[in-house]
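Student: Okay, here's the prediction I keep looking at, along with the sequence it came from:
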Amino acid sequence: MKLLILCVTLAVLRSSLGINPATEEEEWQEWKARYGKSYPTDEEDEDRRNVWLENYDYVTAHNARNDVTYKMELNKFADELSPAISYPDHEEVHEEIVVNDKSAPKAFDWRKKGVVGAVKNQGQIGYAEAFVAAECVESLHAIQAGELFDLSAQEVEACCREFLQLPIENDVFGCIHKIGGLCTVATYIPSSKCANASCLPVAQTQGTKYVPKNDEGALLEALLKVPVFVTVNASPQSFLLYKSGVYSDPQCTGRNLDHVLQLVGYGTDEEGNAYWICKNSWGLDWGMEGYVNIQRGVNRCGIAEAAKYPY
């Protein structure tokens, strides 16, 4: 009897949040078809479905609020849960952004200048650092030489992990300089070891410049020179399921830096919410066609904790 009451209660709750229990299976199957999802066993299918239902409730409840600056969706990650990370509940305090360059524009976007490449999808490869490093060198070369190449992230991964012995993010642009620059995706032949001798590099960098930690004014000034490699906390479930708007989840602090993005611009929305424009490597079907606008001015997600760029 208690189990029956619990099931009825959950059904009523889910219905109030927007999903009709009568069409639950149909919506689950439609979502799987949309994203090409299949699971090896019925047990895993049921487990994933339960996670999907949990995310359904989470997304629906969030999007119904009027006090948030961003929207979420049941995207391709809706059958996954980010690892739960608990932090002490306290308000983080950050100083106002101070920009030494008083001529800095109110908004800026490198994409409009044609120096930012297409959004990539790292898939299960897992070396986002290599993608972003290659993208930053692409942009630097395009700014300097007027040519935008599609550079090989696999070359960065193979050659710089071999050369630097992990982690490549410490001085990845210095590594790219030492290996002689990067080849294009079309000419680099992937191998388990560094194979850059098999292709001709088309873009080079002199090394790495580091942005002062937790200084968004310095980050903005660096960004006006070139797109920037930023390390962020992408662990909150809200980040995984982000759809649009200014991402401002207070749970996204700088205490768990586990992902990297290419910072390509900044701006302010119609409500006055300042943001950084960041390019992700999770494909066009995530966020705003592969991009996320992260709240600016409070070091959201630790965006100013470990930023750097090539020169």
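Tutor: Sure, I can see it.

Student: Which residue ranges of the stretch 101-250 of the chain form strands?
Tutor: Here the stretch 101-250 of the chain has its strands, by DSSP state E, counting those that start in this stretch, at 108-109, 208-210, 228-232, 242-247.

Student: Make JSON lines from those and add mean neighbour count, distance to V132 and mean pLDDT to it.
Tutor: Using the backbone N, CA and C atoms, a C-beta is placed for each residue, glycine as well. Shown next, in JSON lines, are the strands of the stretch 101-250 of the chain (neighbours: other Cβ atoms under 10 Å; distance: least, Cβ to Cβ, whole Å; pLDDT from 0 to 100):
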{"stretch": "strand 108-109", "mean neighbour count": "14", "distance to V132": "18", "mean pLDDT": "98"}
{"stretch": "strand 208-210", "mean neighbour count": "16", "distance to V132": "13", "mean pLDDT": "95"}
{"stretch": "strand 228-232", "mean neighbour count": "26", "distance to V132": "5", "mean pLDDT": "97"}
{"stretch": "strand 242-247", "mean neighbour count": "21", "distance to V132": "18", "mean pLDDT": "98"}
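
Student: Save those as a markdown table, and put in distance to T69 too.
Tutor: As requested, those are exported to a markdown table (distance: least, Cβ to Cβ, whole Å):
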| stretch | distance to T69 |
| --- | --- |
| strand 108-109 | 19 |
| strand 208-210 | 30 |
| strand 228-232 | 17 |
| strand 242-247 | 4 |
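
Student: For C136, find the nearest of those.
Tutor: Across these, C136 has its closest neighbour in strand 228-232 (5.1 Å, Cβ to Cβ).

Student: can you tell which of the strands of the stretch 101-250 of the chain is closest to A61?
Tutor: Short answer: strand 242-247, nearest of the strands of the stretch 101-250 of the chain by Cβ to Cβ, at 14.4 Å.

Student: Against which helices or strands is the helix or strand that comes right after the closest one packed?
Tutor: Later in the chain than strand 242-247, the nearest helix or strand by DSSP states H and E is strand 259-268. In terms of contacts (3 or more Cβ pairs under 8 Å, 6 or more residues apart in numbering; DSSP states H and E), strand 259-268 is packed against strand 108-109, helix 128-145, helix 216-223, strand 228-232, strand 274-279.

Student: Give me whichever of these is most buried.
Tutor: Most buried of the helices and strands packed on strand 259-268, by mean neighbour count (mean count of other Cβ atoms under 10 Å): strand 228-232, with a mean of 26.

Student: who touches it?
Tutor: For strand 228-232, contacts defined as Cβ atoms under 8 Å, 6 or more residues apart in numbering pick out 132-133, 136, 169, 172, 211, 219, 222, 257, 259-263, 276, 278, 294, 301-310.

Student: Thanks a lot, see you next time.
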